[in-house]
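*Asks:* Just to be clear, the model below is a prediction. Sequence and coordinates:
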Amino acid sequence: MKQETDKIERPIGAKLIIIITILLLLSLGAITILVSVMVSGDVRVTAENSNLSANRRSAQEAETFFGSIRGNTLVLLDTINAVGSFSAAAGLASDYFFERNQDIAFIGIVRNNNGSFNLIRSLVNEKFFFSNELEFEIIEQFLEIYKNELERSGAGETLLINAAPVFGISAIALFYPWVEAGEQDTAIVFFSSNVITENFTGTGDVNLSYMINDAGDYLIYSDYDLIRTGASAESAFVPTVINSADQSRQTLFTETDGKRHFGAYSKISIGNAAVITTIPYDIVMEGTVATTRRNIFLTGAVLFIAIMFVWFFSKTVSVPLKALAGAARQIENGDFNLHLTAKSKDEVGYLTKSFQKMSGALNVFGRFTNKDIAVKAMRGEIKPGGLPKHATVFFSDIRAFTAKSETFTNVFGEEASNRIVLWLNEYFGQMVDCVEKTSGVVDKFIGDAVMAHWGTAFSAGSPQEDAFNAVRAAVMMRNALHELNSKRKKDDPGDPEISIGCGLNSGIVTAGQIGSEQRMEYTVIGDPVNLASRVESLNKPLGTDILISEDTWLLTGDKFITEEMPSVTVKGKEKPIRLFAVVNLKDASGPQTLAEVRELLGIKPPDVSKVDTGAEEKKYKIGEAG
């Protein structure tokens, strides 16, 4: 046997020298070409997509910010017109407005009297002027400088102007047409740009995002000196942006210094302004260039070393292969605790590492019930221990489940358990689908209840987006369940209709792997989790199906139609908790009021004045009869 082994090893070594030499030349040469040609293309696509995504996020933030400024001032001006410009109510409305909008310095109405622009109404945030050491005369100075812009705005244009050169602080002026008493006037709003500027500074380490108006002047830029001096953007990309009819675009352009940049822009609907995001081409591609250079050197070095040592390497193949065979038998016997060490960096070593990773993956899958979580844990994306996460937690519960279970038992006897499981599995399948489609994680099934969370193992990018996905998932569940119920036969004891209550709350939770060495699960704990469960329990007494806490409403309220419910005092909380019933997504078809939701789902409207919102708390107190 030993002689046969010796005779076999020699031909393998000789063949390996030839085969590996050819493979190295082909593979490393092909890799070098692929890196320089194909990978560079992939890197460029990735960089362009990342740059465009960063640009669109910044543009969306700017659109929302300026839209909010304009919308809020329109509401204030309409309110003052309605109650009378000089009434006490108008003064109170103005004071309340500036208290809630402390970044807005001044709101005024300017009338053009044959080329002479006069302020016919002035609403001043005195606290803003005082804290920034500004005098009111600065408004008149500004209007004197920008007469042409006032005339354009009076003719129907909405304009954004950098007011920092006059105000001496980061400030923007918004001019938009205003009709009052039959006159075509101009409404002007001066406000600090610090908040939106802070959002622009976080677009990345190498991405540069800034905002210009239709004249090419900087409105938002990380370098305050350019804002303070009222500088215009000198980039070669700016004329392309201003003159383009496209609202959003990504392109490669050459700057005035001859360097190439990836440039993306998005125009916003207010003031013909545009958000521009750029990233240098050389920075994006430097990794690919360096990798190509290293691969060329590596090809020659590896080829030389391979020829020298491949003969000795062939003798090391049999030992690790025997170890892998023993490991395979160990796995076959159900023991996944392998302790393999790769002693080489070739294919056998790679196979050894893969085998060890596979055993670790099997152990992970044995401890997790959620496959996606297990995969993330295997990849090292979920570390042992807990981490603070800003999450939105969801609980749902089937209404009258106990009664339905008893009906199953009474009607089907020994078959009841199987029928209940099939009935629940169909329901859970719909609910889980809604959670996964919105990037949520199903934490666990607690009997007929579902617990899920967003912003923990997966995140859409921000607490607001995670909360939006969570509430959207609840609305999807309502729609899916309504469609499922519509297919059921009326009063079918084997497939009864299902109605649920959903409760959501947002806040900082502790997320991590909890359990033992034998079995673990990824879950969340903390006060926001407890409150979410309590919010869910209040659906029944309040006659709702989806309730969200104030913390969730603050993150998502502008995207959903909601109706505020009576505040609830919860154990452990000093202040009452505000609750909001979710009606629908804004601008979506379907119910538009809570009354329509109740009618759709067959929920009887309760007498809110008689609702005992503490009932769910009371029924869990040990020792109380009845």
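*Replies:* Looks like it arrived, so ask away.
*Asks:* Quickly find the element holding the residue nearest to N295 when sequence neighbours are not counted.
*Replies:* Excluding its sequence neighbours, the residue lying closest to N295 (Cβ to Cβ, 6 or more residues apart in numbering) is T32, at 4.4 Å. In this view, the C-beta of every residue, glycine as well, is placed from N, C-alpha and C. Taking DSSP states H and E as the criterion, T32 maps to helix 2-34.
*Asks:* helices and strands around the lengthiest strand in the chain, which ones?
*Replies:* If you go by DSSP state E, the chain has its longest strand at strand 500-515. On a contact count with 3 or more Cβ pairs under 8 Å, 6 or more residues apart in numbering; DSSP states H and E, strand 500-515 meets strand 386-398, helix 463-486, strand 520-525, helix 527-537, helix 539-542, strand 546-549, helix 550-556.
*Asks:* Out of these, which is closest to I283?
*Replies:* helix 463-486 (27.9 Å; Cβ to Cβ).
*Asks:* related to what we said a few turns ago, so which bits of the longest strand of the chain are buried?
*Replies:* Neighbour counts over strand 500-515 (16 or more other Cβ atoms under 10 Å) mark 500-507, 509-513 as buried.
*Asks:* With distance to D246 and pLDDT added, can I get these in CSV?
*Replies:* Below are the buried residues of strand 500-515 laid out as CSV (distance: Cβ to Cβ, whole Å; pLDDT from 0 to 100):
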residue, distance to D246, pLDDT
I500, 45, 94
G501, 47, 95
C502, 42, 97
G503, 44, 96
L504, 39, 97
N505, 42, 97
S506, 37, 96
G507, 41, 96
V509, 43, 96
T510, 46, 94
A511, 42, 92
G512, 46, 88
Q513, 48, 83
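*Asks:* which of those residues lies closest to L74?
*Replies:* S506 (29.9 Å).
*Asks:* In this model A391 seems to touch the closest one, though I could be wrong.
*Replies:* Yes: with contact defined as Cβ atoms under 8 Å, S506 reaches A391; the gap is 7.0 Å.
*Asks:* Need the residues touching each of those two.
*Replies:* 463, 528 (Cβ atoms under 8 Å, 6 or more residues apart in numbering).
*Asks:* circling back: so which of the buried residues of strand 500-515 comes closest to D527?
*Replies:* G507 (7.1 Å).
*Asks:* Tell me how far the closest one lies from A457.
*Replies:* With distances taken as Cβ to Cβ, to the nearest Å, G507 is found 17 Å from A457.
*Asks:* rewinding a little: and of the helices and strands packed on strand 500-515, who's closest to M431?
*Replies:* Per Cβ to Cβ, nearest to M431 of those: helix 463-486, 5.5 Å.
*Asks:* I'd like the distance from that closest one to the chain centre, please.
*Replies:* The chain centroid and the centroid of helix 463-486 are separated by 16 Å under Cα atoms, centre = their mean, to the nearest Å.
*Asks:* what angle do that helix and strand 386-398 make?
*Replies:* 20 degrees (axes from the mean of the first three to the mean of the last three Cα atoms, to 10 degrees).
*Asks:* What's the mean pLDDT across helix 463-486?
*Replies:* The average pLDDT within helix 463-486 is 95.
*Asks:* in that helix, what's buried?
*Replies:* 463-478, 480-482, 484-485.
*Asks:* what's the angle between it and helix 527-537?
*Replies:* Angle of helix 463-486 versus helix 527-537, following the same axes, to 10 degrees, is 30 degrees.
*Asks:* Tell me which stretches of the stretch 1-150 of the chain form helices.
*Replies:* Secondary structure of the stretch 1-150 of the chain (DSSP state H, counting those that start in this stretch): helices at 2-34, 40-83, 88-100, 126-131, 137-145, 147-154.
*Asks:* Tell me which of those sits nearest to A231.
*Replies:* helix 137-145 (15.9 Å).
*Asks:* List the contacts of the closest one.
*Replies:* 106, 108, 110, 117, 119, 122, 150, 163, 166-167, 173, 188, 190.
*Asks:* Out of the helices and strands in the protein, which is least certain?
*Replies:* helix 615-618 (a mean of 48; mean pLDDT, DSSP states H and E).
*Asks:* got the contact list for N505?
*Replies:* Residues near N505 by Cβ under 8 Å, 6+ apart: 392-393, 528-529, 531-532, 535, 548-549, 551-552.
*Asks:* Mind putting these into JSON lines with distance to R419?
*Replies:* Below are the contacts of N505 laid out as JSON lines (distance: Cβ to Cβ, whole Å):
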{"residue": "T392", "distance to R419": "34"}
{"residue": "V393", "distance to R419": "31"}
{"residue": "P528", "distance to R419": "36"}
{"residue": "V529", "distance to R419": "32"}
{"residue": "L531", "distance to R419": "35"}
{"residue": "A532", "distance to R419": "31"}
{"residue": "V535", "distance to R419": "31"}
{"residue": "I548", "distance to R419": "34"}
{"residue": "S549", "distance to R419": "36"}
{"residue": "D551", "distance to R419": "40"}
{"residue": "T552", "distance to R419": "36"}
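*Asks:* can I assume G156 sits in a strand?
*Replies:* No: looking at G156 with DSSP: H, G, I helix; E, B strand; the rest coil, it is coil, so not inside a strand.
*Asks:* That one and I268: what is the separation?
*Replies:* G156 is 18 Å from I268, by Cβ to Cβ.
*Asks:* which of those two has more neighbours?
*Replies:* I268 (21 against 9; other Cβ atoms under 10 Å).
*Asks:* Can you give the domain ranges for the protein?
*Replies:* For the chain, automatic domain parsing gives the domain ranges 12-315, 316-367, 383-618.
*Asks:* Specify the stretch among those that is closest to I373.
*Replies:* The nearest among these, by Cβ to Cβ, is domain 383-618 at 4.4 Å.
*Asks:* gap between the two ends of stretch 271-284?
*Replies:* End-to-end distance of stretch 271-284 (Cα to Cα, to the nearest Å): 33 Å.
*Asks:* What residues of it count as buried?
*Replies:* Applying 16+ other Cβ under 10 Å to stretch 271-284 flags 271-281, 284 as buried.
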